[in-house]
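Colleague: Turn this into a model:
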Amino acid sequence: MTIEHASMRAMQKPWGSTDLLPWSEVRPDGAAIGELWFQRANMSAPDPALLLKLLFTTQPLSIQVHPDDAFARSIGLANGKTEAWYILSAAPGAEVALGLRRQLSADELRDAIADGSIADLVHWHAARKGDVFHVPAGTIHAIGAGLVIAEIQQSSDATFRLFDHGRGRELHTDQALAAAVAGPAGARTAPRRLTEARTLLVATPYFVLERADCAPKSNWDIDAGMETWLLVIEGHARVGSMNAFAGDAIFLDAEAATMEVGGDGLRALLAYAGPEPAPGLLRNRDGQNVGFPQPPAPATVPCHQARTGAPVAGTSSTGASSPSPKSPSNPKSSPSPKSEMRP
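Modeller: Next comes the predicted model:
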């Protein structure tokens, strides 16, 4: 039974930002911070199955792909990496890329990586505040400049780069060829209202991502029967004995807690192990939003593309208390990445 105020680790990236407000008070001292990783406060605790991050982009990231479980294990990694993005803020014209504009053969993909034309083949989509994107393992993807993103993913740092905007970092052509679905991405699935307060954003075999919208001064029970991350994105609340403001994350596992919402209300992301929404996760203490009829599992969106290498694993798309200081960066408590290949 666990409830913790998550600590945070700052990761320097060439495409990152020196202004992380209002999401974090971490001071990068002139270094560009691209990612903030939320971590267990207890450094001796087992690594969670999920990794929650904030991403800050002032330049476009590399074009990249992540392996699925089968391919990851074939090269000695514990698991693959499926992820989802929630857009916290977006500059005008900001974009993300998912999939390719057309199907490529293995030879065509290799040539496109070699000559850099892969940059003209990825399919870009406008990204606006509140948008959600599901990125199954095997999807060729990229994140553009001018974005702040909350990302939930399988706990893995395995990334294979196909194009890096001339930054001189290593590309991973052979691994990318084996891992990638070299064609268009599957169709996006619209968010679905579960209760008055809960909206299902993404459901995969690995995690469920929801948004919770709670009225000012409302009172709730959280019943986290499994590993659960709560990230405050607007407003504030007191969760158990801890205050949580925008940019704060609470980790719960096999734990029940009360949540008292402040006078400005609360908007938060909830992420927990999949594959389906948990009916009793969030209950209004006045008796509303107690649960919902268990819906059928979301239909898998067929990609209609074959891998250039190994097959992809199946995925489904689909209180006004005094503030407490933000947790400082703590490099000693970082998750244990299984790969040194980073975006």
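Colleague: what distance separates whichever strand or helix holds residue 88 from the centre of its chain?
Modeller: Using DSSP states H and E, residue 88 sits within strand 83-90. From the chain centre to the centre of strand 83-90 is a distance of 7 Å (C-alpha atoms, centre = their mean, to the nearest Å).
Colleague: Would you mind writing the CA trace of the next helix or strand after that strand as CSV?
Modeller: Using DSSP H and E, the helix or strand that follows strand 83-90 in sequence is strand 95-100. Coordinates of each C-alpha in strand 95-100 appear next as CSV, following Å, rounded to 0.1, in the frame of the first residue of the first chain:
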residue,chain,number,x,y,z
GLU,A,95,2.9,19.8,-34.9
VAL,A,96,3.6,16.2,-34.1
ALA,A,97,4.3,13.4,-36.7
LEU,A,98,2.7,9.9,-36.6
GLY,A,99,3.5,7.3,-39.2
LEU,A,100,4.4,7.8,-42.9
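Colleague: Give me the buried stretch members for strand 95-100, please.
Modeller: The neighbour-count check on strand 95-100 (16 or more other C-beta atoms under 10 Å) flags 95, 96, 97, 98, 99, 100 as buried. C-betas here are computed from N, CA, C, even on glycine.
Colleague: Please list the residues outside that strand that contact it.
Modeller: Strand 95-100 is touched from outside by 63, 85, 121-127, 133, 135, 139-144, 147, 181-186, with contacts defined as C-beta atoms under 8 Å, 6 or more residues apart in numbering.
Colleague: returning to what we had before: counting contacts, what elements does the strand holding residue 88 pack onto?
Modeller: Helices and strands touching strand 83-90, by 3 or more C-beta pairs under 8 Å, 6 or more residues apart in numbering; DSSP states H and E, are strand 132-135, strand 147-154, strand 198-203, strand 207-214.
Colleague: other SSEs contacting the second one?
Modeller: It refers to strand 147-154. Checked by 3+ C-beta pairs under 8 Å, 6+ apart, strand 147-154 has strand 50-57, strand 83-90, strand 207-214, strand 228-239, strand 255-273 packed alongside it.
Colleague: what's the second one in contact with?
Modeller: Same thing as strand 83-90. Residues outside strand 83-90 that contact it (C-beta under 8 Å, 6+ apart): 23, 54-55, 66, 96, 127-135, 143, 146-154, 201-202, 204, 207, 209, 211, 233, 269.
Colleague: Distance check, residue 13 against residue 116.
Modeller: 21 Å (C-beta to C-beta, to the nearest Å).
Colleague: Could you check which of the two is surrounded by more residues?
Modeller: Shown here are residue 13 and residue 116; by other C-beta atoms under 10 Å, residue 13 has more neighbours (20 against 15).
Colleague: Apart from its chain neighbours, what residue comes closest to that one?
Modeller: Spatial nearest neighbour of residue 13, excluding adjacent residues (C-beta to C-beta, 6 or more residues apart in numbering): residue 34 at 2.6 Å.
Colleague: any idea which element that neighbour lies in?
Modeller: Going by DSSP H and E, residue 34 is in strand 33-39.
Colleague: elements contacting that strand?
Modeller: Checked by 3+ C-beta pairs under 8 Å, 6+ apart, strand 33-39 has strand 7-17, strand 50-57 packed alongside it.
Colleague: looking at the ones you listed, which is buried most?
Modeller: strand 50-57 (a mean of 23; mean count of other C-beta atoms under 10 Å).
Colleague: Relative to that strand, what are the paired strands and their orientations?
Modeller: With DSSP bridges as the test, strand 50-57 is paired with strand 33-39 (antiparallel), strand 147-154 (antiparallel).
Colleague: any idea which helix or strand comes after that strand?
Modeller: strand 63-65.
Colleague: Give me the distance between the two termini of stretch 120-135.
Modeller: 19 Å (C-alpha to C-alpha, to the nearest Å).
Colleague: gap between the two ends of stretch 53-68?
Modeller: 20 Å.
Colleague: Just the mean pLDDT for it, thanks.
Modeller: For stretch 53-68, the mean pLDDT works out to 98.
Colleague: Pull the distance from that stretch to the chain's centre.
Modeller: With C-alpha atoms, centre = their mean, you get 11 Å for stretch 53-68.
Colleague: do stretch 178-192 as well
Modeller: On C-alpha atoms, centre = their mean, the centre of stretch 178-192 falls 15 Å from that of its chain.
Colleague: Now do the buried residues in that stretch.
Modeller: Residues of stretch 178-192 classed as buried: 178, 179, 180, 181, 182, 183, 184, 185, 186, 188, 189, 191 (neighbour count, 16+ other C-beta under 10 Å).
Colleague: CA-only coordinates of the strand holding residue 88, as CSV, when you get a sec.
Modeller: The C-alpha trace of strand 83-90 is given here as CSV (Å, rounded to 0.1, in the frame of the first residue of the first chain):
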residue,chain,number,x,y,z
GLU,A,83,3.3,5.7,-25.3
ALA,A,84,0.7,8.4,-25.3
TRP,A,85,0.9,12.2,-25.4
TYR,A,86,-1.4,14.8,-23.9
ILE,A,87,-0.7,18.3,-25.2
LEU,A,88,-0.4,20.7,-22.2
SER,A,89,0.5,23.8,-24.3
ALA,A,90,1.3,24.4,-28.0
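Colleague: any low-confidence regions in the stretch 201-343 of the chain?
Modeller: Applying pLDDT under 70 to the stretch 201-343 of the chain flags residues 287-343.
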